[in-house]
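1. Provide a 3D model corresponding to the input given below.
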Amino acid sequence: MIDAGQLRFLLALLFFTTIQACNSPQSVSVLNSGDDSFAALQIFNPYGEGLTISPGEETGAIGYQHSGEIRWVKGEPEVSKQQGASSYRWNSGGEIVVLELVEKDKELELTFRLENSEEEPASWFLKTTAAPNEYFTGIFERVVDGPQTKSWEEGMTTGLNLRGEKVEVKLKPTVSAYAPFYISSENYALFVHGTWPGVIDFCKENPDLVQISFEGPEFSFSLMMDENPAELVKRHALETGPSFVPPKWAFGPWRWRDEHVNRTTHFDGSPVHAPYNSDLVEDILMMEAYDIPVTAYWIDRPWGPGVRGFDDYLVDEERLPKFEEMIGWLNAKKVEVMLWIGPFVMGDMADVAEEREYDLVSSEWKNSRQVLMDFTNEEACQWWAENGPAKLAKMGVKGYKLDRADGEKLRDSLHLKTSIGTTYRENFNDYPRQYVKAAYEAIQPVLGDDFILFPRAQYTGSAKYGALWAGDTGNPAEGLRSALIGMQRCAVMGYPIWGSDTGGYPKRMEREATMRWMGFACFSPIMEVGPTNNLGFWGMNYEPSFDQELLAIWRFYSKLRMSLVDYTYHFAQVAHDTGMPVARPLFLEYPDQPESWNDWATYLYGDDLLVSVVWEDGKSSHRLYLPAGETWINLWTNEELEGGTYVEVEAPVHQTPVFLKKGSNLVLPDFNQLYDESVRITSVKYKMSDLEAGEGWVN
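-> Numbers count the residues shown, from 1 in each chain. As a prediction, the model looks like this:
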């Protein structure tokens, strides 16, 4: 067998010969090396390094598995070519491995299948070469594979670049946005069709190879090539979308708690006189008193009766008294209401779902009976819509946080099947799309375009129906780091409307990380603040309980966010129309500048703003890259800086470094004046009794 160096020489020589022999290079060339040698193909890339389907030292480049055995394809194929399409056929011990190749504009569609076999393949394997400094990103939201907590482990060094990582392309809770799509710094992208699970090894096992395996009887993927990575991202986003555009109010600041208790006394000891849930009233009246804008308020589970607070899509009148009247009260303050839901039903609805076979066999979750819906069943979807999301939408609910759907209850059996005959295994990754699509089709006839869906699990096609919530991100500084990476990976994958729990999800809030997270949230497509220990910053469970600094930072970034609503909405529409995401890694705009690939803490927000997130604790200054070819205005100092260099800026906890591209028409408030105003306004302590009296609730 030839060694790796000889193979690279052979590939280069053959590639050169192919180019010399043709006026326009062939898209795919067979690399002939004898009947007993592993099959290899050269794919011409006019925009970067050519891509070679190449064997490893001991295993082949193209393989399939059945009967528990991997068979690597060897020898020369029979080749049949016609206009825009080609067929390659290898004889593999009497079985015929077929590659069907269709040429499109700047794209190749490749499908591997097996003929003349008594058994369908269980999996397919493919290996491609990687250039020495090639950069890969996409695939999934979490920083690294494995338990999600690894993504915010102390000392984590992986950034946007996935080189050196191995990823199972199969949903895992709770940070669970996935797409079988990645881009390369060599100006190509690979997108695997279908929903079967797979694994992609980005040069971890072999530093020179990307090793891909996906389950299923066929293996089909698209190889896109273009002048720059932005064009690749845009094409994929439009082909799998276009992305959902929420109403304008959804781009303002949100507030939520993980649990709303209806108390008899407020945080300051004053008796509750409000006719609605006391926690919600406290949030709304205190935010109003401090002039902290809020355009949407979501109520997490539990909000209904039953052991999990989610029976029958009924409202618990003890926890949420006068629910519809409460919605009217909030709407009068220009605040919309959202609710948590799951992809299962409980209570009497669970009995009906099982009796009518509207369900999937599922795993038990937290010792409670939750019947998982089969969203491939159209009759089941209609029943669920009428008795669930649509019913509440008619009461005034304007959106849903769609939890779960990413493996906590799903099974992935090859023997169990959905109502349309797909195995649970093939259906596993597609379930989030089915869930958000069913919710969209439930409430769109009721609300038109005036709603938002906010699921945490995503796979190909999900972006058409809703935004994306980053799941239960950890709350230390590394949690903020992971969210920053996740937002940008999702932008690449085609999920542009993204938001994270400000301060992280676990109930022990990290104060400094929450301050930094406020700035990041302000410059995320969705800004949602919560759960913050299920407390307001005016009444925390540490001393001083009145946290003026956090309150001032919250006000500052919420006010600033309101000045960005039109801007963010515009670029959400741009994402829908063109595929260009709202938040953009620097390399999407400046791919020829190596620093744009390296500084993953810095990103573009729309066309005009550059944001750099200080995620580490204890920092008072920050180093970031300003791309060349632009003049950048530091919005904290008004200093103009020429791009093309790293700069060090002051960055105390309330200052997220933000730069405006010179020549922009975007008008924002003076940052320092707005922060000073926020400090002044939050220096006052308000009493809930006085605020309730202002509502006419105290005699």
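2. shouldn't residue 287 be in contact with residue 255?
-> Yes: counting by C-beta atoms under 8 Å, residue 287 does reach residue 255; the two are 6.8 Å apart. (C-beta placed from N, C-alpha, C; glycine too.)
3. Quick check: neighbours shared by those two?
-> Contact with both residue 287 and residue 255 is made by residues residue 294, according to C-beta atoms under 8 Å, 6 or more residues apart in numbering.
4. mind listing the strands for the stretch 101-250 of the chain?
-> Listed in chain order, the strands found in the stretch 101-250 of the chain under DSSP state E, counting those that start in this stretch are 107-115, 123-129, 136-140, 166-169, 176-184, 188-192, 198-202, 209-215, 219-225.
5. need the ones you listed in TSV with mean pLDDT, can you?
-> Converted to TSV, those look like this (pLDDT from 0 to 100):
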stretch	mean pLDDT
strand 107-115	97
strand 123-129	98
strand 136-140	99
strand 166-169	99
strand 176-184	99
strand 188-192	99
strand 198-202	99
strand 209-215	98
strand 219-225	98
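6. Can you lay out the ones you listed as JSON lines showing mean neighbour count and distance to residue 533?
-> Shown next, in JSON lines, are the strands of the stretch 101-250 of the chain (neighbours: other C-beta atoms under 10 Å; distance: least, C-beta to C-beta, whole Å):
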{"stretch": "strand 107-115", "mean neighbour count": "18", "distance to residue 533": "49"}
{"stretch": "strand 123-129", "mean neighbour count": "23", "distance to residue 533": "46"}
{"stretch": "strand 136-140", "mean neighbour count": "27", "distance to residue 533": "29"}
{"stretch": "strand 166-169", "mean neighbour count": "20", "distance to residue 533": "33"}
{"stretch": "strand 176-184", "mean neighbour count": "27", "distance to residue 533": "24"}
{"stretch": "strand 188-192", "mean neighbour count": "24", "distance to residue 533": "41"}
{"stretch": "strand 198-202", "mean neighbour count": "22", "distance to residue 533": "38"}
{"stretch": "strand 209-215", "mean neighbour count": "22", "distance to residue 533": "43"}
{"stretch": "strand 219-225", "mean neighbour count": "21", "distance to residue 533": "45"}
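7. Would you mind giving those strands as CSV with distance to residue 365 added?
-> Output for these, formatted as CSV (distance: least, C-beta to C-beta, whole Å):
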stretch, distance to residue 365
strand 107-115, 38
strand 123-129, 29
strand 136-140, 23
strand 166-169, 22
strand 176-184, 15
strand 188-192, 30
strand 198-202, 26
strand 209-215, 25
strand 219-225, 33
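8. Show me the one of those strands that comes nearest residue 369.
-> strand 176-184 (23.6 Å; C-beta to C-beta).
9. Just want the angle from that closest one to strand 188-192.
-> 140 degrees (axes from the mean of the first three to the mean of the last three C-alpha atoms, to 10 degrees).
10. Leaving out the residues flanking it, which one is nearest to residue 443?
-> residue 393 (4.4 Å; C-beta to C-beta, 6 or more residues apart in numbering).
11. and the one you found, backbone torsions?
-> phi -60, psi -40 (degrees, to the nearest 10).
12. Test my guess that it contacts residue 453.
-> No: at 11.2 Å, residue 393 does not count as touching residue 453 under the criterion of C-beta under 8 Å.
13. Look at those two and report which has more neighbours.
-> Higher neighbour count among residue 393 and residue 453: residue 453, with 28 against 23, using other C-beta atoms under 10 Å.
14. and the gap between the more buried one and residue 640?
-> Note on residue 453: its distance to residue 640, by C-beta to C-beta, to the nearest Å, is 42 Å.
15. likewise residue 229?
-> From residue 229 to residue 640 the distance is 29 Å (C-beta to C-beta).
16. isn't residue 188 right up against residue 231?
-> No: Residue 188 is beyond contact range of residue 231, at 10.9 Å (criterion: C-beta under 8 Å).
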